[in-house]
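Peer 1: pasted the sequence and its predicted model underneath.
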Amino acid sequence: MKRMKLLIVNPFGVGTYDDPILNSVRQVVRKDTEVSVMHLKKGLYFIRNAYFQMLLLPDVVETKIQA
């Protein structure tokens, strides 16, 4: 069986939440799953509504393609 790799993209432009997200995800995935968390380099510090989410979408897609 292939080893599972999981990339979580933190949409905020700061790494403050990277470790808490990683720790939460590790509690629910299989032990052999490789988990990575990265934040967007040009992300926002807050997301208030759908407009802000749409602003981030191109960076999220590009990050996933690069992964």
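Peer 2: Arrived safely, thanks for sending.
Peer 1: residue 53: what's its closest spatial neighbour, skipping adjacent residues?
Peer 2: residue 47 (6.0 Å; C-beta to C-beta, 6 or more residues apart in numbering). The way it works is simple: take the backbone N, C-alpha and C, and place the C-beta from them, glycine included.
Peer 1: so where's the chain shaky on pLDDT?
Peer 2: 46 (pLDDT under 70).
Peer 1: pretty sure the residue nearest to residue 53 is in contact with residue 60, am I right?
Peer 2: No - at 11.6 Å, residue 47 does not count as touching residue 60 under the criterion of C-beta atoms under 8 Å.
Peer 1: list residues touching both of these two?
Peer 2: residue 11 (C-beta atoms under 8 Å, 6 or more residues apart in numbering).
Peer 1: can you tell me the SS state at the residue positioned nearest the centre of the chain?
Peer 2: Closest to where the C-alpha atoms of the chain average out (C-alpha atoms, centre = their mean) is residue 9, at 1.4 Å. Three-state assignment for residue 9 (DSSP: H, G, I helix; E, B strand; the rest coil): strand.
Peer 1: repeat that for residue 51.
Peer 2: Reduced to three states by three-state DSSP, residue 51 is helix.
Peer 1: mind exporting the top strand by length along the chain as PDB, just the C-alpha atoms?
Peer 2: Secondary structure assigned by DSSP state E gives strand 34-44 as the longest strand of the chain. The C-alpha coordinates for strand 34-44 follow below in PDB (Å, rounded to 0.1, in the frame of the first residue of the first chain):
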ATOM      1  CA  GLU A  34       2.800  12.100   6.000                       C
ATOM      2  CA  VAL A  35       1.200  15.400   7.000                       C
ATOM      3  CA  SER A  36       2.500  18.900   6.000                       C
ATOM      4  CA  VAL A  37       1.000  22.300   6.700                       C
ATOM      5  CA  MET A  38       2.000  25.500   4.900                       C
ATOM      6  CA  HIS A  39       0.600  29.000   5.000                       C
ATOM      7  CA  LEU A  40       0.200  31.200   2.000                       C
ATOM      8  CA  LYS A  41       3.000  33.600   1.400                       C
ATOM      9  CA  LYS A  42       0.600  36.300   0.200                       C
ATOM     10  CA  GLY A  43      -2.300  35.300   2.400                       C
ATOM     11  CA  LEU A  44      -4.500  37.600   4.500                       C
END
